[in-house]
Structure formats: structure tokens, C-alpha cells
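K.L.:
Got a sequence here, can you model it:
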Amino acid sequence: MRLTSLAFLLASVFASSVYSSSTVASVHNAAELTAQVESKVIAWRRDLHQHPELSNREFRTSKVIEKHLKSLGLEVQTGIAHTGVVAILKGGKPGPLIGLRADMDALPVTEVVDLPFASKATDTYRGQKVGVMHACGHDTHVAMLMGVAENLVKVKDSLAGDVMFIFQPAEEGAPEGEQGGAELMLKQGLFAKRKPDQVFGMHVTSSMPTGVIGLRSGPAMASEDSFSIKVTGRQTHGSRPWGGVDPIVASAQIINSVQTIISRQVDITKAPAVVSFGAINGGIRSNIIPDEVELIGTIRTFDQDMRADIKVKLAEIATNAAKTLGATAVTEIQPGYPVTVNNPELVSKMRPVIASVVGDTKLIEPGLITGAEDFSYYALETPGMFFFLGVTPTDKDPSQVASNHSPAFYVDESALKVGVQTMTQVALTALGAAQ
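P.N.:
As a prediction, this is how the structure comes out:
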């Protein structure tokens with residue numbers, strides 16, 4: 001899960017909803033299959049955790065995935081979006097194609113968790129040597145989907161349809177000057193030959209207890225766009241501010257005025273939105289007013305029309321606020337991930353299926369999440385469903401533990417079997433293999 005200026009955090013308050021599982025028939029051996037593969041999933045996760053790789057650099061990870069998928073007899077394609085791996089499982093009966101996605105990349109974070117398989121890896125990020133850690137749980141995503149693949153291969157003759165396993169690099173964002181992630185996989189033809197009829201994704205989170213599943217219909221995670229505003233004035237001595245044009249004062253005016261976009265100019269009853277400044281860079285001495293100041297920040301929205309409107313308003317405010325003080329402002333917006341929208345019909349169908357695995361009380365509806373996910377690109381192409389798996393031990397308070405993206409992020413591995421069984425059951429149901 002990609003976050004630009006804040007660590008991943010689910011809404012602190014969850015509105016728990018109960019979904020009846022009484023109408024769901026048991027799924028073909030899902031629990032038994034998962035029990036058989038659980039130890040492998042944990043071993044894969046530990047290996048991947050000990051050998052994390054940054055975005056577009058997941059070379060070892062992709063080899064581990066490729067080897068396992070080929071051992072299952074699957075058709076495997078590698079090198080998509082640099083290091084992506086895709087495999088197709090053909091069911092024994094005709095039917096739809098579903099996509100199951102896991103992201104692979106780690107973060108430039110130095111691990112502090114005391115584990116025998118803790119990461120000691122380092123790499124170069126933005127010209128600096130950094131620690132590398134699976135601080136967002138993508139190691140678990142890969143391991144769980146490898147387990148799901150093994151489960152489904154064992155019952156492939158009962159599947160009325162096919163499965164596309166998508167192991168995706170660079171969800172956290174491609175390195176500067178590079179492309180990557182879901183968007184690049186699609187550009188390079190992931191869905192070109194045959195588009196999945198449905199696509200599913202799962203993400204672990206420390207913000208829920210182990211074994212709890214969070215699933216929300218409609219908009220679930222925000223879009224994410226970054227912006228920079230270059231404010232240009234005219235340098236002068238600090239003792240004679242009238243001799244120039246102060247871009248620092250103009251920047252302050254821009255920052256204050258931009259706050260009115262959310263508070264006064266968009267209909268927040270339609271959907272929440274956030275505009276935040278993350279950095280202000282300009283000047284070097286106390287007595288010199290500089291020529292330029294740069295402002296950078298992020299925009300988060302849950303509505304595509306509102307997203308476009310905020311971008312226009314941001315540029316207009318920056319231009320006009322600077323102009324009133326004799327300065328100029330040039331706004332550049334770097335488009336990020338779209339809103340992640342869960343297809344309501346798909347969610348309605350799968351809620352009781354998931355409840356049949358975890359129990360009615362452990363399936364909850366989370367609040368809107370202002371973090372962003374590039375699973376959203378797949379869900380723009382075909383009906384998608386993205387859900388969350390709690391990984392915080394039940395004897396700990398999720399609101400007090402380290403969040404995703406933290407160097408202290410911790411995964412209770414007993415949650416992995418819940419994730420594998422849930423995704424297996426979802427896939428079997430989608431392909432008519434429920435008994």
C-alpha cells in the first residue's frame with residue numbers, strides 16, 4: 001500500500017457489521033487444503049521477509065515465485081513491468097477468468113523487530129544507503145497467494161473457469177525516473193489477451209486483530225496525487241524587503257488560501273478529501289529574501305470528479321495568491337493512484353462467503369482509508385474487490401501497535417492461514433466450486 005506522507009493506518013474506528021453466513025454452503029476442501037499448505041506459507045513468508053527487495057528490484061522474489069508456480073505445472077510469464085510474474089491456471093470446466101493479485105516490493109525502512117528472520121538487507125534509495133524491510137506486509141501477500149495457487153491447483157478439475165495469478169512489483173511506487181506497478185503491467189498487456197471477469201486483492205494491516213477481515217463496498221481507499229508549487233519572487237536583502245518580491249510571504253498566503261478548498265469549496269458531504277503540504281523549501285540565510293520557494297504536498301480524494309476539481313482549484317489559488325503580492329506560482333501535479341472502488345455486487349456476493357470462514361463477528365466494515373493502492377487500476381478495468389486481513393496478536397491493542405510502514409511493524413503469522421483460506425474460498429466460489 002502506497003502512502004506518500006503518512007504511515008499506513010486504517011480508520012481508528014470501525015463500524016462493525018454482521019453478515020449472515022447461513023446461506024453459504026461449505027467450500028470444496030478450503031480449510032483442509034489450507035491446513036496442508038500453512039507451514040509452507042509461513043516458511044515462504046520468512047524467507048521473503050529475510051530477503052526484501054525495493055520496487056522494480058524484486059529479482060530474487062520473482063525467481064522464488066516463478067519456481068513455485070512452475071512446480072505446480074502452471075503457465076508462467078515473467079518480466080512484466082520489470083519483475084512481475086503472472087501465471088494462468090486452467091480449470092476443468094468452462095467459465096470466467098478471475099484475477100488474484102499480490103504485491104511484492106519492500107520499503108526503504110530499517111527493521112527493529114527482534115526476529116530470527118529479521119531483515120538485515122540494505123540497498124540504495126535516492127542516492128543513499130538504506131535498510132530494506134517488508135514493513136507493509138507484502139512478503140505475506142506473496143506467500144499467501146503462493147499458497148492459494150497450490151490449493152487451487154489441487155482442485156483444478158472442479159473449477160468452472162480459470163485463474164490469473166498476478167504477482168506485482170512496485171506497488172509502493174517506482175523509483176524516480178522509472179515506471180512500474182499495476183499501471184505498467186496493464187500498459188504491457190496484462191489484460192490484453194483476456195481480461196479477468198473479476199479481480200481480487202488482499203492486504204494485511206496491524207490496525208485490526210488477527211483473523212479479522214475488513215471489507216467495504218464502493219470507495220474504500222483514496223486516490224493519491226502529489227503536487228509541487230514553484231513560487232518565484234525577486235531576491236533582496238532582508239533589511240530592505242521593499243526592494244524585491246518575497247516568495248516566502250507569497251507561499252504563506254498560498255498555504256493559508258489552499259485550506260479553503262476543503263473547508264469552503266468542495267462538498268464534503270459527498271466524499272471526504274484532504275490537501276496537505278509536506279515540505280517548504282526556500283532560502284538559506286536569515287537576512288536574504290530568496291528568489292524562489294518550492295511547496296510540495298499531497299491530495300487525497302474518494303471521488304474522481306472531486307479529484308479533478310481540487311487540482312484545478314489548487315492551481316488557480318496558487319496563481320492568484322502569488323499574483324496579489326507580485327510573485328508568480330507554477331503548479332505541477334504528478335498523478336498518482338486512482339480511488340480504489342470495490343464493486344458493490346461483488347462485495348454483496350462475497351460477504352457471506354468470507355463470513356463463513358472467519359465468523360460473522362470477525363467480518364467488519366472499515367471506515368474510508370486515506371491511504372492509496374494501485375490495485376485501483378485493475379478495479380477500473382474490471383469489477384474488483386480489495387479486503388484487509390488483521391495481523392495484530394489478539395492480546396494486543398491494534399491502536400497501540402506499530403502501523404504498516406513502521407520499522408517495528410509485526411505480523412502474527414497465525415493470521416496467514418485465515419488469509420489463504422479466505423482467498424481460496426473466494427476463488428472457489430467465483431468459479432462455481434462451492435459444494
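
K.L.:
ok, residue 214 - contacts?
P.N.:
Contacts for residue 214 (C-beta atoms under 8 Å, 6 or more residues apart in numbering) come out as 10, 14, 205, 208, 364-366, 387-390. C-beta here means a position set from N, CA and C on the backbone, and glycine is covered the same way.

K.L.:
how about a cut-off of 6 Å?
P.N.:
208, 364, 366, 388 (C-beta atoms under 6 Å, 6 or more residues apart in numbering).

K.L.:
Now for those: which two are most distant?
P.N.:
Between any two of the contacts of residue 214, the greatest separation by C-beta to C-beta is 9.2 Å, found for 364 and 388.

K.L.:
Between those two, which has more neighbouring residues?
P.N.:
Neighbours were counted for residue 364 and for residue 388 using other C-beta atoms under 10 Å; residue 388 has more, 24 against 20.

K.L.:
Spatially, which residue comes closest to the more buried one, not counting chain neighbours?
P.N.:
residue 214 (3.8 Å; C-beta to C-beta, 6 or more residues apart in numbering).

K.L.:
Quickly list what the one you found is bridged to.
P.N.:
Beta-bridge partners of residue 214, counted by DSSP bridges, are residue 364, residue 388.

K.L.:
again, but for the one 4 residues further on
P.N.:
Beta bridges link residue 218 to residue 342 when assigned by DSSP bridges.

K.L.:
From residue 347, how far off is it?
P.N.:
Distance, residue 218 to residue 347, by C-beta to C-beta, to the nearest Å: 8 Å.

K.L.:
just residue 270 next, same as before
P.N.:
20 Å.

K.L.:
Can you pick out the residue with more neighbours from residue 218 and residue 347?
P.N.:
residue 347 (21 against 13).

K.L.:
Any buried residues in the helix or strand encompassing the more buried one, and which?
P.N.:
When elements are defined using DSSP states H and E, residue 347 is found to belong to helix 344-358. Residues of helix 344-358 classed as buried: 346-347, 350-358 (neighbour count, 16 or more other C-beta atoms under 10 Å).

K.L.:
With stretch 33-48 instead?
P.N.:
33-34, 37-38, 41-42, 44-46, 48.

K.L.:
Among these, find me the one that's closest to residue 67.
P.N.:
The closest of the buried residues of stretch 33-48, once distances to residue 67 are taken by C-beta to C-beta, is residue 44, at 10.9 Å.

K.L.:
So the closest residue in space to that closest one that isn't next to it in sequence: helix, strand or coil?
P.N.:
Among residues not flanking residue 44 along the chain, residue 143 sits closest, at 4.0 Å (C-beta to C-beta, 6+ apart). Per DSSP: H, G, I helix; E, B strand; the rest coil, the secondary structure class of residue 143 is helix.

K.L.:
residues contacting residue 143?
P.N.:
41, 44-45.

K.L.:
What's the local residue count around residue 289?
P.N.:
Neighbour tally, residue 289, other C-beta under 10 Å: 23.

K.L.:
who's it bridged to?
P.N.:
residue 236.

K.L.:
What's the separation between it and residue 256?
P.N.:
In terms of C-beta to C-beta, residue 289 sits 19 Å off from residue 256.

K.L.:
Other residues contacting stretch 128-138?
P.N.:
Contacts of stretch 128-138 (C-beta under 6 Å, 6+ apart): 1, 49, 52, 54, 103-111, 119, 121-123, 204, 404-405, 409, 411.

K.L.:
hmm, 8 Å instead?
P.N.:
Counting by C-beta under 8 Å, 6+ apart, residues outside stretch 128-138 touching it are 1, 8, 48-49, 52-54, 102-111, 119, 121-124, 140, 171-172, 203-205, 391, 404-407, 409, 411.

K.L.:
From one end of stretch 114-125 to the other, what's the distance?
P.N.:
In stretch 114-125, first residue to last residue: 24 Å (C-alpha to C-alpha, to the nearest Å).

K.L.:
now that stretch: mean pLDDT?
P.N.:
Average pLDDT, stretch 114-125: 97.

K.L.:
next one: stretch 230-241
P.N.:
98.

K.L.:
start to end distance for that stretch?
P.N.:
In stretch 230-241, first residue to last residue: 20 Å (C-alpha to C-alpha).

K.L.:
tell me how far it is from the chain's mean position?
P.N.:
41 Å (C-alpha atoms, centre = their mean, to the nearest Å).

K.L.:
same question, stretch 148-158
P.N.:
On C-alpha atoms, centre = their mean, the centre of stretch 148-158 falls 27 Å from that of its chain.
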